[in-house]
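Chemist: let me see the structure of the following:
(2 chains)
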Amino acid sequence: EDQVTQSPEALRLQEGESSSLNCSYTVSGLRGLFWYRQDPGKGPEFLFTLYSAGEEKEKERLKATLTKKESFLHITAPKPEDSATYLCAVRLGSSASKIIFGSGTRLSIRP
Amino acid sequence: ETGVTQTPRHLVMGMTNKKSLKCEQHLGHNAMYWYKQSAKKPLELMFVYSLEERVENNSVPSRFSPECPNSSHLFLHLHTLQPEDSALYLCASSQEVGNTEAFFGQGTRLTVV
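Modeler: I've put the predicted structure just below:
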């Protein structure tokens, strides 16, 4: 069964304390892995797409990496405004429109 | 301003009511999507439209009926819903179906009483 699992469910960090969020997947025919950020009461906001193992992408304090089984979202020296829920999603090879989301990691950064 | 606008933002309806959710995108995209987001559950893809043609229907109950009159507008018609249908309903669009970058609206918070 195709599955996407995110961990931890929630993470509380002090401002400036770097950490990583995990997204592990067991799917057939991965055609892309996406990271989104979602603030309370809003729709998800696109961050990154990764296509192949070894690929990395960066945006400000965020860096996403991909292996054959999982992806990490590294957050370096986070600020309170980085507090949000981070969602991971995968697109499957069986259908161009088949996308599965993880449950998300709720990140809270204390000043 | 995300370019994808959903109305209403909040909706409370009885189980016997009929209502519609509206989504409009101003990005010139060809693909539009309906998602359901329930508390503590992952986003669930409900419907996918490409150039007004439905290309995906993920086993959604018939009490949810989508409509895409043109590539800029998407509706979700609701009738005889159940309390467990209460959720945040999100609309999204992308340049093409399966395109990596999807833009989401703010969602409609639906409560079925």
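
Chemist: can you list the weak-confidence ranges in the chain?
Modeler: Reading this off chain A. Along chain A, segments meeting pLDDT under 70 span A:93-97.

Chemist: that's the wrong chain, I meant chain B
Modeler: Short version for chain B, where the test is pLDDT under 70: B:1-2, B:100.

Chemist: shouldn't B:Gly28 be within a strand?
Modeler: No. Applying DSSP: H, G, I helix; E, B strand; the rest coil, one finds B:Gly28 to be coil, outside a strand.

Chemist: beta partners for A:Leu30?
Modeler: A:Leu92 (DSSP bridges).

Chemist: that one is in contact with A:Lys98, isn't it?
Modeler: No. A:Leu30 is beyond contact range of A:Lys98, at 11.0 Å (criterion: C-beta atoms under 8 Å). C-betas here are computed from N, CA, C, even on glycine.

Chemist: once you drop chain neighbours, what's closest to residue 5?
Modeler: Going with chain A. Excluding its sequence neighbours, the residue lying closest to A:Thr5 (C-beta to C-beta, 6 or more residues apart in numbering or on different chains) is A:Ser24, at 5.0 Å.

Chemist: can you look at chain B instead?
Modeler: Using C-beta to C-beta, 6+ apart, the nearest residue to B:Thr5 is B:Glu24, at 4.9 Å.

Chemist: residue contacts, the one you found?
Modeler: Going by C-beta atoms under 8 Å, 6 or more residues apart in numbering or on different chains, B:Glu24 touches B:4-6, B:72-74.

Chemist: and it, how far is that from chain A?
Modeler: Taking C-beta to the nearest C-beta, to the nearest Å as the measure, B:Glu24 falls 14 Å from chain A.
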